[in-house]
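Peer 1: Return atomic coordinates for the entry below.
(chains A and B)
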Amino acid sequence: MADAVQQLFPEAKVTIGPPVEDGFYYDFDYPNAFSVSDLEKIEAKMREIIVQGAAFECREVTRDEALATFAKRNEPYKIELINGLPEGEKITMYRHGNWEDLCRGPHTVKTADIKAFKLLKVAGAYWRGDSKNKMLQRIYGTAFASQAELDAFLQQREEAEKRDHRKLGKELGLIAFHPYAPGAAFWLPKGAIFYHELSEFMRSLLLSEGGFVEVKAPLLFNQKLWETSGHWQHYADAMFRVVSEEQNFGLKPMNCPGHMLLYSMGLHSYRDLPIRYCEQTPLHRNEASGTLAGLTRVRQFCQDDGHIFVRPDQIEEEVAAALKLVAKIYGIFDLKYEVKLSTRNPEKFIGSIETWESAEKQLAAALERNHIEYRLEPNEAAFYGPKIDFDVTDAIGRKWQCATIQLDYNLPERFDLTYIGEDSKKHRPVVIHRAIFGSFERFIAMLIEHYAGAFPTWLAPIQVQLLPISDDVIDYSQDVKAKLMQSGIRVAVDGRNEKLGLKIREAQLQKVPYMAVIGKKEKEAGGLAIRSRVKGDLGVMNIGDFGKLVLAENEQKR
RNA sequence: GCCGAAGUAGCUCAGGGGUAGAGCAACUGAUUCGUAAUCAGUAGGUCAGGGGUUCAAUUCCCCUCUUCGGCUCCA
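Peer 2: Okay, the predicted model is just below:
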């Protein structure tokens, strides 16, 4: 591709072009952005090159040879790359026809081996991934061993786009956005039901089995709190600030500092630990405008947040319990995830290196003892401590952090938190930050895409849609609705003067789990003709039996 | 925030320097119907907002806002 680009746009400077998960990209320094029609020209040129069928030849060169080659071609980025290679590293060049590139390889044997490819999109990307550097033009593409495989890939992408939570969220009447509130969702009546079900599910679980107590801290805090926690120094720009009577306040971007204050306001015995606070209140982060995306990256959100204050000897057990809870909850939704252990960023941390290393070791140990596969992510920790993150992949293949478990020795220090030990002296607790869903907003986005909008009964905004066939059974339908509602089922009547086929079609498109057709026969028999979203016509059932069936699914989270 | 693309009726989209169109939805009427779309009629728009060029701008240019795809960031 780079060969084709330079043939068509001789001014374009080559930089790097690695393979990625679904294909490849190449970054060019070129004064203008490439347009869609440029991509077509580049593709055409690439086909010409492929048809020529030149072999890819690899040769090893010395550092000086490599430098001289790219100096002659006036390719400063390649020279910078070569100079950045460690001493003694093998330098290889790949040639096809008259064009040669610095590359680690390997390549296919010859250009003609490339059977099917497509350039997908252009985007800006910073040189060496640093926003202080120049912005380059990146071209993304993909390639397959056959046209059929490429077609299948493109087809699959189209299918995936249909599950996009932004599209389904609108179609199913769950969420809306308005330009007056960028990055903050409106939860429409149906979306609010979904949200509330999840929220209640988590609350009751944490309060019953989880050993948590629920608290509600203020949303707005004096700047002094954020200075104490360290957030002001690290994230002042990303906080929404409010001035009142010459005092600076900040809307809370997270719950931990509030919970630290709450803990610090009382006296705690070693016998009381662990103390587990949970809270679901709104958080605000002033995310950069260009990063906002549907429900996955928002400015206002709410976490199923929790902070556990423990003695050092209780860390392992509490982390293990959190790991088990994540596995249990994600199992209920059948959601797949990847686990990462993020360790200290030498350029962004508070506290001593010793405590960091100890914290990192304890998290790794907890993962290993629970036989959880994970990937190490150096430098990715929060500034106050290392963390275990759980990434979920969205419909179009992007990964989003959802659950998180973070170990923190630093905030207890900064807030001078203590508990009274057996020796009646003051000791420092450790804090475990943890969220299972992460943010409700993002988790719901993942669920919408995971289920493609066809939610299990317990989450479906409307669980049963009653479909009266004619006006003379509407009264009976209302009676049925009242009965089902009384038993706690979310039920609606489609009383419009429309044909049954249309009502069924619309209920299906809205992905309502159960439809109940009501005509004269049902009215006389006192029953319902049940139709399942998935299985179709289930025949006539009596109201009580059907109600039990739905309630059982509610109970079993199905 | 940076690079790029986009914004036309509630929704999905067409159009294009001479004052805007379809389908669905809505409304009205007819139809009372048995497992994925009944028929007819009516109404609906500062063409995202602001400025400029022009006799004339929704169309061309500039700015702003929002959204989308990436990049950076993500407590």
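Peer 1: SS state for A:L335?
Peer 2: Judged by DSSP: H, G, I helix; E, B strand; the rest coil, the three-state class of A:L335 is coil.
Peer 1: Which residues of the stretch 151-300 of chain A lie near RNA strand B?
Peer 2: Within the stretch 151-300 of chain A, the positions adjacent to RNA strand B are A:166, A:170, A:177, A:179, A:182-183, A:231, A:234-235, A:238-239, A:253-254, A:256, A:285-294, A:297 by C-beta under 7 Å from any atom of the strand. Every residue, glycine included, has its C-beta placed from N, CA and C.
Peer 1: Just the buried ones among those, please.
Peer 2: In terms of neighbour count (16 or more other C-beta atoms under 10 Å), the buried residues within those are A:166, A:177, A:183, A:231, A:234-235, A:239, A:253-254, A:256, A:285-287, A:293-294, A:297.
Peer 1: what about the closest residue to A:T281 other than its chain neighbours, how many neighbours?
Peer 2: Leaving out its chain neighbours, the residue that sits closest to A:T281 by C-beta to C-beta, 6 or more residues apart in numbering is A:K216, at 6.0 Å. Using other C-beta atoms under 10 Å, A:K216 is surrounded by 11 other residues.
Peer 1: and if you look at A:L484?
Peer 2: A:L484 sits with 23 neighbouring residues when counted by other C-beta under 10 Å.
Peer 1: so who does it touch?
Peer 2: Residues in contact with A:L484 (C-beta atoms under 8 Å, 6 or more residues apart in numbering) are A:V464, A:V491, A:I543, A:F546, A:G547, A:V550.
Peer 1: Try it again at 6 Å.
Peer 2: Residues touching A:L484, when contacts are defined by C-beta atoms under 6 Å, 6 or more residues apart in numbering, comprise A:V491, A:G547.
Peer 1: What is the neighbour count of the residue lying closest to A:K134 once chain neighbours are set aside?
Peer 2: Nearest residue to A:K134, sequence neighbours excluded (C-beta to C-beta, 6+ apart): A:W127, at 5.1 Å. As a burial measure, A:W127 scores 16 neighbours (other C-beta under 10 Å).
Peer 1: Same check on A:A54?
Peer 2: 17.
Peer 1: do the same with A:S204
Peer 2: A:S204 is surrounded by 11 other residues when neighbours are defined as other C-beta under 10 Å.
Peer 1: A:V540 - that's part of a helix, no?
Peer 2: No - read with three-state DSSP, A:V540 is strand and lies in no helix.
Peer 1: Would you confirm that it contacts A:A529?
Peer 2: Yes - proximity of A:V540 to A:A529 meets the contact threshold set by C-beta atoms under 6 Å, at 5.2 Å.
Peer 1: what about whichever residue of the stretch 251-400 of chain A sits closest to RNA strand B, distance to A:S131?
Peer 2: The stretch 251-400 of chain A approaches RNA strand B most closely through A:G290 (2.1 Å), counting by C-beta to the nearest atom of the strand. Applying C-beta to C-beta, to the nearest Å, one obtains 11 Å for the distance of A:G290 from A:S131.
Peer 1: Check A:E245 too.
Peer 2: Separation of A:E245 from A:S131 (C-beta to C-beta): 37 Å.
Peer 1: quick one on the thing from earlier: can I take it that the residue of the stretch 251-400 of chain A closest to RNA strand B is in a strand?
Peer 2: No - according to three-state DSSP, A:G290 belongs to no strand; its state is helix.
Peer 1: List the contacts of it.
Peer 2: Applying C-beta under 6 Å, 6+ apart, no residues qualify as near A:G290.
Peer 1: which secondary structure element contains A:V326?
Peer 2: Following DSSP states H and E, the helix or strand that holds A:V326 is helix A:315-333.
Peer 1: anything in that helix near RNA strand B?
Peer 2: No - shown here: helix A:315-333 not in contact with RNA strand B (C-beta under 7 Å from any atom of the strand), separated by at least 15.0 Å.
Peer 1: So which elements touch that helix?
Peer 2: The criterion is 3 or more C-beta pairs under 6 Å, 6 or more residues apart in numbering; DSSP states H and E, and the helices and strands that helix A:315-333 contacts are helix A:353-369, strand A:430-439.
Peer 1: quick one: contacts for A:M239?
Peer 2: Contact criterion C-beta under 6 Å, 6+ apart gives A:G250, A:P253 as the residues in contact with A:M239.
Peer 1: distance between the ends of stretch A:175-194?
Peer 2: Distance across stretch A:175-194, first residue to last, is 11 Å (C-alpha to C-alpha, to the nearest Å).
Peer 1: Please, where are all the helices along the stretch 451-558 of chain A?
Peer 2: Remark: helices assigned in the stretch 451-558 of chain A by DSSP state H, counting those that start in this stretch are A:474-486, A:500-509, A:520-525, A:543-555.
Peer 1: Okay, buried residues for the first one please.
Peer 2: In other words, helix A:474-486. Along helix A:474-486, these residues count as buried under the neighbour rule (16+ other C-beta under 10 Å): A:I474, A:Y476, A:S477, A:V480, A:K481, A:L484.
Peer 1: next one: the third one
Peer 2: With burial defined by 16+ other C-beta under 10 Å, the residues of helix A:520-525 counted as buried are A:E522, A:K523.
Peer 1: which residues touch the closest residue in space to A:H107 that isn't next to it in sequence?
Peer 2: Counting by C-beta to C-beta, 6+ apart, A:F56 is the residue found nearest to A:H107 once chain neighbours are left out, at 4.1 Å. Taking C-beta under 6 Å, 6+ apart as the criterion, A:F56 is in contact with A:Y94, A:H96, A:H107.
Peer 1: Residue numbers of the stretch 1-150 of chain A in contact with RNA strand B?
Peer 2: So the stretch 1-150 of chain A meets RNA strand B at A:33, A:35, A:121-126, A:129-131, A:135, A:137-138 (C-beta under 7 Å from any atom of the strand).
Peer 1: Which pair of those spans the longest distance?
Peer 2: Distances among those were taken as C-beta to C-beta; the most separated pair is A:S35 and A:D130, at 26.2 Å.
Peer 1: quick one on the thing from earlier: from the contacts of A:F56, pick the one nearest RNA strand B.
Peer 2: Distance ranking of those against RNA strand B, using C-beta to the nearest atom of the strand, places A:H107 first at 23.4 Å.
Peer 1: For that closest one, give me phi and psi.
Peer 2: Here is the backbone geometry of A:H107 (degrees, to the nearest 10): phi -120, psi 170.
Peer 1: And for A:T228?
Peer 2: Note on A:T228: its backbone torsions stand at phi -60, psi -40 [degrees, to the nearest 10].
Peer 1: same thing with A:Q401?
Peer 2: A:Q401 adopts backbone torsions of phi -70, psi 130, taken as degrees, to the nearest 10.
Peer 1: what about A:V540 and A:A529, which has more around it?
Peer 2: Using other C-beta under 10 Å, the more surrounded residue of A:V540 and A:A529 is A:A529, with 19 against 15.
Peer 1: Show me what the more buried one is bridged to.
Peer 2: Each beta-bridge partner of A:A529 is listed here: A:V517, A:V540, as defined by DSSP bridges.
Peer 1: Local confidence estimate at it?
Peer 2: Reading off the per-residue confidence, A:A529 sits at a pLDDT of 98.
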